[in-house]
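Chemist: sequence and predicted structure, then a few things I'm wondering about:
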Number of protein chains: 2
Amino acid sequence: MSHLNQAWFQLIQDVAAVEAELAKALQARHGLGLSDFRALQALAEAKNSELRMQDLASHLKLNQSSVSRMVERLERTKLTVRDVCADDKRGVYTVLTDAGRTLLAQSEVTYQTTLQAQLAERPGAFTGLLQPLP
Amino acid sequence: MSHLNQAWFQLIQDVAAVEAELAKALQARHGLGLSDFRALQALAEAKNSELRMQDLASHLKLNQSSVSRMVERLERTKLTVRDVCADDKRGVYTVLTDAGRTLLAQSEVTYQTTLQAQLAERPGAFTGLLQPLP
DNA sequence: GAACCAATTGCATGAGCATACAAGCTCAGC
DNA sequence: GCTGAGCTTGTATGCTCATGCAATTGGTTC
């Protein structure tokens, strides 16, 4: 196996391990999946805390159907609500609720600290990949 | 969102995109999943081209049940065969067949060229992977 | 109405968790 | 020293979940 090949395999596994820890922490402490968390983040950053399904999909690099189902989950737990957009009735806005904003704020602490801890545990694994090289 | 946070998100997406391309290429040209491919690689590198389920699992960082099902797939397509080990009758070796070795050899070309192409398409995203930083 | 776009729904896949099952090992008690 | 209960180790199976692709439904635009 070539050097590049091995390096890639190693990277995949390091990335996967960190992601798994992030997912576990969010799930355990806030009952939130990783994609769900990132969706909330995207909404919070969006204008009016709302996005169309499509925009959410392209931001998260998920396809329409996955987003449709994800939003279904988020709605079931009252973190977002759907809202038809007035100007184009084909479209649906997904809007962050107050509950969603609150949970997001809490989750972000978990996410941030877990991420830092995980990176610290893997010194060298991501050198050059996260900090723009000096 | 913090800088680290953003950088991580970006890395995840780049990695996911490359992995998706690898998976698509392998599936399209050889009818092989990415994990399946990596399993064949692991077997080829192992002594006698055989590994216990467990060892396969720990190498691929998959859990035991996933590997059990994966090996089932590989066997269905005649790429591997199961073989009980004589010394510990609880154990089962998964052994690469000639067909498996042949398919692997072909797939590795696809994998390698796709990987290089993908990395080349994302200049800067993976600096530090190719040349270990000086 | 024809072509198009947005969102949802049906179906298949690959993965994890919990559990069941099977083989071998240990050791107390006779 | 033999036996059998209980533990350990290795594999398989049932269920569930998130995701992708393909087909569908409903609204829009020309």
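Modeler: Happy to help now that I have it. Numbers count the residues shown, from 1 in each chain, chains lettered A, B, ... in the order given.
Chemist: count of neighbours near the residue in chain A that DNA strand C sits nearest to?
Modeler: Relative to DNA strand C, the nearest point of chain A is A:Ser65 (2.9 Å; Cβ to the nearest atom of the strand). The C-beta positions use only the backbone N, C-alpha and C, and glycine is treated the same way. Counted with other Cβ atoms under 10 Å in any protein chain shown, residues neighbouring A:Ser65 total 10.
Chemist: name the helix or strand for it, please.
Modeler: When elements are assigned from DSSP states H and E, A:Ser65 belongs to helix A:64-76.
Chemist: OK, contacts around the spatially most central residue of chain A?
Modeler: Geometric centre of chain A, nearest residue: A:Arg38, 2.1 Å, by Cα atoms, centre = their mean. Counting by Cβ atoms under 8 Å, 6 or more residues apart in numbering or on different chains, A:Arg38 touches A:60, B:9.
Chemist: so which elements touch the longest helix seen in chain A?
Modeler: Criterion DSSP state H: the longest helix present in chain A is helix A:3-30. Packing contacts for helix A:3-30, counted by 3 or more Cβ pairs under 8 Å, 6 or more residues apart in numbering or on different chains; DSSP states H and E, involve helix A:34-45, helix A:98-121, helix B:3-30, helix B:98-121.
Chemist: how about that helix and DNA strand D, touching?
Modeler: No. Helix A:3-30 stays out of contact with DNA strand D when judged by Cβ under 7 Å from any atom of the strand, the minimum separation being 8.9 Å.
Chemist: so how far is the helix or strand just after the helix holding A:Ser65 off the chain centroid?
Modeler: The helix or strand immediately downstream of helix A:64-76 is strand A:80-84, counting by DSSP H and E. Strand A:80-84 has its C-alpha centroid displaced from the chain centroid by 19 Å (Cα atoms, centre = their mean, to the nearest Å).
Chemist: got the angle for strand A:80-84 vs helix A:98-121?
Modeler: 120 degrees (axes from the mean of the first three to the mean of the last three Cα atoms, to 10 degrees).
Chemist: just checking: what are the partner strands of strand A:80-84?
Modeler: Paired neighbours of strand A:80-84 in the sheet (DSSP bridges): strand A:92-96 (antiparallel).
Chemist: contact residues of chain A facing DNA strand D?
Modeler: A:33-35, A:61-66, A:69-70, A:73, A:88-90.
Chemist: nearest to A:Glu21, of these?
Modeler: Distance to A:Glu21 across these (Cβ to Cβ) is lowest for A:Leu34, with 10.3 Å.
Chemist: which ones are touching that closest one?
Modeler: Contacts for A:Leu34 (Cβ under 8 Å, 6+ apart) come out as A:19, A:22-23, A:26.
Chemist: and stretch A:12-29, how far from the chain's centre?
Modeler: 12 Å.
Chemist: so what touches it?
Modeler: A:32-34, A:37, A:107, A:110-111, A:114-115, A:118-119, A:122, A:125-126, B:11-12, B:15, B:19, B:61.
Chemist: again, but for stretch A:122-130
Modeler: Here stretch A:122-130 makes contact (Cβ under 8 Å, 6+ apart) with A:10-11, A:14, A:17-18, A:119, B:4, B:7-8, B:11, B:126-129, B:133.
Chemist: what residues sit buried inside it?
Modeler: Residues of stretch A:122-130 classed as buried: A:125-126, A:128-130 (neighbour count, 16 or more other Cβ atoms under 10 Å in any protein chain shown).
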